[in-house]
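Build the 3D model from these lines:
(2 chains)
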There are 2 protein chains.
Amino acid sequence: MTEELQRKGAAAKAAALKLVSVSTETKNKALLQIADALEQHAGWLIGENKKDLEQARQNGMKDAMIDRLTLTEERIGGIADGVRQVVGLKDPIGETVKEWTRPNGLVIAQKRVPMGVIAIIYESRPNVTVDAAALCLKTSNAVILRGGKEAIHSNVALMKVMQDAAYAAGIPEGSMDVIEDTARETATQLMRMKGYVDLLIPRGGAGLIRSVVENATVPVVETAAGNCHVYVDGDCDQQMALDIVMNAKVSRPSVCNAAETLLIDQRIAAEFLPKIVRALQEQHVEIRGCDACRAICPGLKPATEEDWYTEYNDYILAVKIVDGVDAAIAHINQYNTKHSEAIVTSNTEHAERFLNEVDAAAVYVNASTRFTDGFEFGFGAEIGISTQKMHARGPMGLEQLTSMKYVIHGTGQVR
Amino acid sequence: MTEELQRKGAAAKAAALKLVSVSTETKNKALLQIADALEQHAGWLIGENKKDLEQARQNGMKDAMIDRLTLTEERIGGIADGVRQVVGLKDPIGETVKEWTRPNGLVIAQKRVPMGVIAIIYESRPNVTVDAAALCLKTSNAVILRGGKEAIHSNVALMKVMQDAAYAAGIPEGSMDVIEDTARETATQLMRMKGYVDLLIPRGGAGLIRSVVENATVPVVETAAGNCHVYVDGDCDQQMALDIVMNAKVSRPSVCNAAETLLIDQRIAAEFLPKIVRALQEQHVEIRGCDACRAICPGLKPATEEDWYTEYNDYILAVKIVDGVDAAIAHINQYNTKHSEAIVTSNTEHAERFLNEVDAAAVYVNASTRFTDGFEFGFGAEIGISTQKMHARGPMGLEQLTSMKYVIHGTGQVR
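Numbers count the residues shown, from 1 in each chain, chains lettered A, B, ... in the order given. Below you'll find the model as predicted:
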């Protein structure tokens, strides 16, 4: 463990024990002061961000990536408003989830408590630095952030502004920090800080997730990979199906809740496939079809076995004709990443079978997979979308950043 | 991965997808048939168990361990009754935990679903084989069990009886199995069966837990280690304190919820320490005291720094005199394993501070730490006691073997 990790880890651990006793009022005051401070220091933040942008241009970073990295006065205002919205969210800490009395008179209450120290490893967007710190603060968690090296000047500057504002408002020092050493080895060491880190959330591509799975010794929530499907059933409103498929594929192809494979019931394939192919091609979507698809639309590129596994995150869609809802369920359970799956159907029995038997964080009937999102679900926040089954599944809001504690009141009971 | 792991893992994964649709009625019928079959085959089971016992004696296993390994007709009856009790527990699968409607008309329900495939690595007690299989079956999880080699004949035999009974009752084949290869490497491979295992629960000593932390690539719930404390506050009913300390230490010293360190407020140490020392020594408990303790009771063995970290699981207790509740909280948060901690006090403010600031799965005021147990909590079952903060904390009953799924009904919504 590097000196920086050890020092910041120990500070976070000590701060976490104090954060338990910080009131909602103090946390909200700190959040408001963070938001104001970000806007007040916008000029300096933009200057620090420029250092990252210059480096990025020298390294030949793509324009789309540079855009995501860029801070402007308007964007900083947006980030600050995001922090202000967290003030309005209900503080989950201290909530009594259940309470019961045992025959021996013990009163057992299950209460919501912070996780302790949360570590987040993420890639280049600097807004994540602020979002994550705000959500962890609201849930009384200490946080150690390890962003990508492309955004290091921006992240360090944003953290400096947040720390000054938060600590002045009464938040314990050490409650939030970024790791400044962006060597890959530092990320690996952070994954192994057993005894310091209570929860690690990786936010990034397949390479990061793989590295976490291989290396982490601390508890992890896996996020992100989304090989999502839309199944168009034989019994359905085809216009609705068309709208949902188009939305799931093209409204934002780069995100994890976008559709990657379309499954069509063979009963309507001859009618529906040409319609959806035309609509997709108008939007410049490349289609990779199964043999049965290509028998109907001979111009389609053939899909290979690998296509069924692929999360394109791009204007590409794999299409397969299947023999009804059971075949659709079987295909999805074989190839999906357990993120979001949709059926379009007017048949209640097919819908129920799909919703029950498809193994995924979110299953939809007659709606786009694009709704799997903390804000769309009404959580008012999102720190990631879990694709594992343990602890948190689907969009993670404030509650998913908490743990539980049993608080037991007795009158001298012994066993 | 060995051929056996691969085959049984694939079978469990396939069974898990089918188990989702198995009714509570079928599961309960299977549990009752398992219970009956265990009793009917008691003779054969005892015969298989004898093979393990002979081996154990040849290997010089201690009598206490041999006793834990032994199956008798009466014990098999007890194990079968345990399975029958699981029938009476509420099936958590399918429960709608929350449901709400979004402004766009989407109806989002959060439903309780199985984890999928649960793997359990445990040591020599054969009753765990049956308990774990029954709890996983009730929660529609497929289970892969990997018990200790000392109990391999017993475990294989118990599993055979359970499989025959369960599969005849309509449970999908592959839903439960034991790994027959007891090589250490097989356990390590099981910890790395990413894509097959949704949750791994290790039940065993510190060596097993360490191995899991180092090697596991699948999600894990850590269990067991319990360095539990009782703090006797200056404001308290000293007779109550005496009863609670004695119960927490001597009622069953080998278990994880037994007390390992006693903290005494200096305000009452001169009066309370001699009383508790006398009572403990009458029960043959070795006491290791801090310097202040030894100033009051000069005959005590001195406690070293290592004692504060040690889970003795034996008739040994470390004792330290502290300067009030804050010092007690600080000591506990430095040395505990976040299992169970108790304060004995009549001072409400001290109680609240302790309950709020001590970081542990269960915190008690005026009751013994020995109550941290699924049955004592009223869960009707227990598969282990989690000492991590993620997913499950404290005694794990049926609910802790489940995950969630968002089920969303739409009418054509797109984003």
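
any weak-confidence spans in the stretch 151-300 of chain A?
Across the stretch 151-300 of chain A, the ranges flagged by pLDDT under 70 are A:224.

can you map out the helices along it?
For the stretch 151-300 of chain A, the helices defined by DSSP state H, counting those that start in this stretch cover A:152-168, A:184-190, A:206-215, A:238-250, A:266-282, A:291-296.

In the third one, which of the residues would be classed as buried?
Counting neighbours by 16 or more other CB atoms under 10 Å in any protein chain shown, one finds that the buried residues in helix A:206-215 are A:208-209, A:211-213, A:215. For the C-beta atoms, the positions are set from N, CA and C on the backbone; glycine is no exception.

Which strands or helices does that helix pack on?
If you count contacts as 3 or more CB pairs under 8 Å, 6 or more residues apart in numbering or on different chains; DSSP states H and E, helix A:206-215 packs onto helix A:184-190, strand A:199-203.

out of the ones you listed, deepest packed?
Comparing those by mean neighbour count (mean count of other CB atoms under 10 Å in any protein chain shown), strand A:199-203 ranks first with a mean of 24.

next one: it to chain centre, how far?
Offset of strand A:199-203 from its chain centre (CA atoms, centre = their mean, to the nearest Å): 10 Å.

check contacts around residue A:340.
The contact partners of residue A:340, by CB atoms under 8 Å, 6 or more residues apart in numbering or on different chains, come to A:226, A:228, A:257, A:360-364, A:369, A:372.

one more time with 7 Å, if that's ok
Remark: with contacts taken as CB atoms under 7 Å, 6 or more residues apart in numbering or on different chains, residue A:340 is in contact with A:226, A:228, A:257, A:360-362, A:364, A:369, A:372.

could you dump the residues you listed to a markdown table with neighbour count and distance to chain B?
Shown next, in a markdown table, are the contacts of residue A:340 (neighbours: other CB atoms under 10 Å in any protein chain shown; distance: CB to the nearest CB, whole Å):
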| residue | neighbour count | distance to chain B |
| --- | --- | --- |
| A:226 | 24 | 14 |
| A:228 | 30 | 13 |
| A:257 | 23 | 9 |
| A:360 | 26 | 7 |
| A:361 | 25 | 6 |
| A:362 | 27 | 4 |
| A:364 | 32 | 5 |
| A:369 | 30 | 9 |
| A:372 | 28 | 8 |
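
Now compare those and name the two farthest from each other.
Spatially, the most separated pair among these is A:226 and A:364, at 13.3 Å (CB to CB).

Of the helices of the stretch 151-300 of chain A, which is nearest residue A:95?
Residue A:95 lies closest to helix A:152-168 among the helices of the stretch 151-300 of chain A, at 22.9 Å (CB to CB).

what helices or strands is the closest one leaning on?
helix A:24-40, helix A:42-58, helix A:127-138, strand A:176-178 (3 or more CB pairs under 7 Å, 6 or more residues apart in numbering or on different chains; DSSP states H and E).

so how far is the shortest one from its chain's centroid?
Centroid separation for strand A:176-178 versus its chain: 20 Å, with CA atoms, centre = their mean.

try stretch A:239-258
On CA atoms, centre = their mean, the centre of stretch A:239-258 falls 19 Å from that of its chain.
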